[in-house]
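>>> What follows is a predicted structure for the sequence shown.
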Amino acid sequence: MFRAPRKSTAGETDPATPADLRRRAIAHLARREYSRAELAARLARNGGDAAEVADVVAVLAEQGLLSDQRFAESLVRTRAQRYGSTRIAGELRSRGVAADDSGLMVSLRESDAERASALWQRKYGTPAGDIAGRAKQMRFLEARGFPPDVIRKVVPPVATRGRP
């Protein structure tokens, strides 16, 4: 369990000690995976000195308690059924993890069509009756972060009724 920062007699908060920062970091990591940048920002918000926070994060990474790769795998595993590779890569970047062309992102991009098709099937299941309906279906997949070429392959064209 970690302690809240102590208040001095003037009402100001004393900076957290490295031991306090480590306890807080481990308490956060016990709940879920964090990226290095996320954990550092969280510790800094709680009254940690920037240099001490960086040291604590570096030590935790050296000990294997904190890993950007493990965080990325966890995020991809939880988001892959609902979102496309573009959105997941953006979320990784926003959390301070480089969304590079590692095997993780390559396999995610390769399965975009399959995952988009399954998502479209669950949500709609039948081709749209008009162009506006097809556009709506395409916007849905676009908002979920699937690339445009995948969306065009997955969403079927508007069914023509008896027209040549």
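Received, thanks. Numbering: from 1, shown residues only.
>>> Which strands or helices does the helix-or-strand element of the chain with minimal mean pLDDT pack on?
Least confident element among the helices and strands of the chain, by mean pLDDT, DSSP states H and E: helix 103-110 (a mean of 88). Counting contacts by 3 or more C-beta pairs under 8 Å, 6 or more residues apart in numbering; DSSP states H and E, helix 103-110 packs against helix 68-79, helix 85-94. For every residue, glycine as well, the C-beta is placed using N, CA and C.
>>> how's this structure carved up into domains?
Segmentation of the chain into domains, based on automatic domain parsing, reads 18-66, 71-154.
>>> follow-up on the earlier one: now do the least confident helix or strand of the chain and helix 68-79, the angle between them.
Taking axes from the mean of the first three to the mean of the last three C-alpha atoms, to 10 degrees, helix 103-110 and helix 68-79 form an angle of 20 degrees between their directions.
>>> Output the domains of the chain in CSV; the columns should cover mean neighbour count.
Listed next are the domains of the chain as CSV, based on neighbours: other C-beta atoms under 10 Å:
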stretch, mean neighbour count
domain 18-66, 17
domain 71-154, 16
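>>> still on that earlier bit, how about the least confident helix or strand of the chain as CSV, C-alpha atoms only?
Once non-C-alpha atoms are left out, helix 103-110 reads as follows in CSV (Å, rounded to 0.1, in the frame of the first residue of the first chain):
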residue,chain,number,x,y,z
GLY,A,103,5.7,-8.6,-35.9
LEU,A,104,2.9,-7.5,-33.7
MET,A,105,1.7,-4.7,-36.0
VAL,A,106,2.4,-6.6,-39.1
SER,A,107,0.2,-9.5,-38.0
LEU,A,108,-2.4,-7.0,-37.0
ARG,A,109,-2.4,-5.4,-40.4
GLU,A,110,-2.6,-8.8,-42.1
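>>> what is the orientation angle of the next helix or strand after that helix with helix 85-94?
Sequence-wise, the next helix or strand beyond helix 103-110 is helix 112-123, with elements assigned using DSSP states H and E. Between the axes of helix 112-123 and helix 85-94, defined by the same axes, to 10 degrees, the angle is 110 degrees.
>>> Need the contact partners of helix 112-123.
Residues outside helix 112-123 that contact it (C-beta atoms under 8 Å, 6 or more residues apart in numbering): 80-82, 84-85, 137, 140-141, 144, 146-147, 150-151, 153-155.
>>> Please enumerate the helices of the protein.
18-31, 36-45, 50-62, 68-79, 85-94, 103-110, 112-123, 131-143, 148-154 (DSSP state H).
>>> Could you tell me the least trusted of those?
Here the lowest mean pLDDT among the helices of the chain goes to helix 103-110, at a mean of 88.
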